[in-house]
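Asker: Kindly generate the corresponding structure for this input.
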Amino acid sequence: MENEAAGTSPLQERHKLDLDSLARWMRLNVDDFRGALSARQFGVGQSNPTYLLEAGGRRYVLRRKPPGTLLPSAHAVDREYRIIRALAGSDVPVPRVYALCADDAVIGSMFFVMEYIEGRMYPDTKMPGASAAERAAIYDAINEAAARLHRVDYAALGLGDYGKPGNFFARQIDRFTRQYRAAEMEKIEAMDRLIEALPHCIPASEETAIFHGDFKMDNMIFHPTDHRVLAVLDWELSTLGDPRADFAYTAMIWRLTPEEYRLGIAGLERLGMGIPTEAEYVQAYCRRTGRAAIEDWDFFIVFNLFRLASILQGIMVRAIKGNASNALAAEYGGRARAIAEIAWREFERMGRR
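Answerer: Predicted coordinates for the structure are as follows:
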């Protein structure tokens, strides 16, 4: 416990915590909480500030809404809390959650506290320093975790009302269009074209499962020695939606270079690296979910690139307003135009296939 956890730093001034107030709340709401409370801030994540808490020889994680004016429907830590709690004991690995606090008077915004899980995290999809066998195993573990999530009987977990039934893509395109317009700083022609074109290309059939919304390598904790996922994190964008699109979000990195997107792997010489091809990755998911193939695959990729561009635009606005949770927010947000242009390029290719 004496060593500072990797990826943490002292609290940023705008994300300071009233530790006395928080400790009083935790004594009332967290089982067996005791001792003097200290806090550090995790540097990962763009949306909800996340903290490592330590007290009485134990570690906890706190997720809160950021300060300042927020975009509509964003930063839904209460939804994160609900779904993580519902998934406890299911086939999907998640941390234990202790309690949700909706009283802004405690630390200034809504938050929840969950357990700290010791394990490995990979912020870089290229996994520098790893062996080919380790890369192959980790990519396969992510694939398996996605299949597990999308096989869950959400209604049996009390999540039948976690999202609206039907018209998933129309509603999502509308939502991210509105969020993009609310954060629009300059005209991005590619986004305007996508906003016009995407509603006319929605697949005729839709499926419904738990939709994580940000399912990727750096939102997972892996076992310290074994190649398996111990916890899936960051459920802020979760809802009920089409699992094929949720899975396509994880596969989007095969269409983006590392220069275009920090997690991109397009253009890498993967021979000998252990990273599967996009086709191999999709085939593994299909095998695990009992599918022969995924029709309309390119639409799902474009849809996610569009979502990503909208999210990045929101990050940039939060950075400008000074309430983004990551110091690199301005850099990431500035990539919205590039991602939108790539999405339009993929859309045009889709129409030629």
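Asker: drop to CA atoms for contacts and neighbour counts, all remaining ones
Answerer: OK.
Asker: Quick one: find the helix or strand in the chain with the lowest mean pLDDT.
Answerer: When the helices and strands of the chain are scored by mean pLDDT, DSSP states H and E, helix 329-333 comes last with a mean of 63.
Asker: now for the next helix or strand along the chain from that one, which elements pack on it?
Answerer: Following helix 329-333 in sequence order, the next helix or strand is helix 336-352 (DSSP states H and E). Packing contacts for helix 336-352, counted by 3 or more C-alpha pairs under 8 Å, 6 or more residues apart in numbering; DSSP states H and E, involve helix 189-197, helix 297-321.
Asker: Grab the nearest non-local neighbour of T177.
Answerer: Among residues not flanking T177 along the chain, I195 sits closest, at 6.6 Å (C-alpha to C-alpha, 6 or more residues apart in numbering).
Asker: swap in A338?
Answerer: Per C-alpha to C-alpha, 6+ apart, closest to A338 is E260, 7.0 Å.
Asker: Kindly give the local confidence score, pLDDT, for the one you found.
Answerer: E260 carries a pLDDT value of 90.
Asker: how close does T239 get to D296?
Answerer: 21 Å (C-alpha to C-alpha, to the nearest Å).
Asker: Of those two, which one has the most company?
Answerer: T239 (22 against 16; other C-alpha atoms under 10 Å).
Asker: and the more buried one, what does it touch?
Answerer: Y162, G163, I210, F211, H212, G213 (C-alpha atoms under 8 Å, 6 or more residues apart in numbering).
Asker: rerun that using 7 Å as the cut-off
Answerer: By C-alpha atoms under 7 Å, 6 or more residues apart in numbering, the contact set of T239 is Y162, G163, I210, F211, H212.
Asker: Sort out for me which of those are in helices.
Answerer: Counting by DSSP state H, none of the members of the contacts of T239 fall within helices.
Asker: Can you say which of those are buried?
Answerer: Buried subset of the contacts of T239 (neighbour count, 16 or more other C-alpha atoms under 10 Å): Y162, G163, I210, F211, H212.
Asker: Can I get those in JSON lines including distance to W25?
Answerer: Converted to JSON lines, the buried ones among the contacts of T239 look like this (distance: C-alpha to C-alpha, whole Å):
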{"residue": "Y162", "distance to W25": "28"}
{"residue": "G163", "distance to W25": "31"}
{"residue": "I210", "distance to W25": "31"}
{"residue": "F211", "distance to W25": "32"}
{"residue": "H212", "distance to W25": "29"}
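Asker: Now tabulate the residues you listed in JSON lines and tack on distance to A183 and pLDDT.
Answerer: As requested, the buried ones among the contacts of T239 are exported to JSON lines (distance: C-alpha to C-alpha, whole Å; pLDDT from 0 to 100):
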{"residue": "Y162", "distance to A183": "26", "pLDDT": "97"}
{"residue": "G163", "distance to A183": "24", "pLDDT": "95"}
{"residue": "I210", "distance to A183": "27", "pLDDT": "98"}
{"residue": "F211", "distance to A183": "24", "pLDDT": "97"}
{"residue": "H212", "distance to A183": "23", "pLDDT": "97"}
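Asker: Relative to Y81, which of the residues you listed is nearest.
Answerer: Y162 (12.2 Å; C-alpha to C-alpha).
Asker: Could you tell me how far that closest one is located from G241?
Answerer: Distance from Y162 to G241, by C-alpha to C-alpha: 10 Å.
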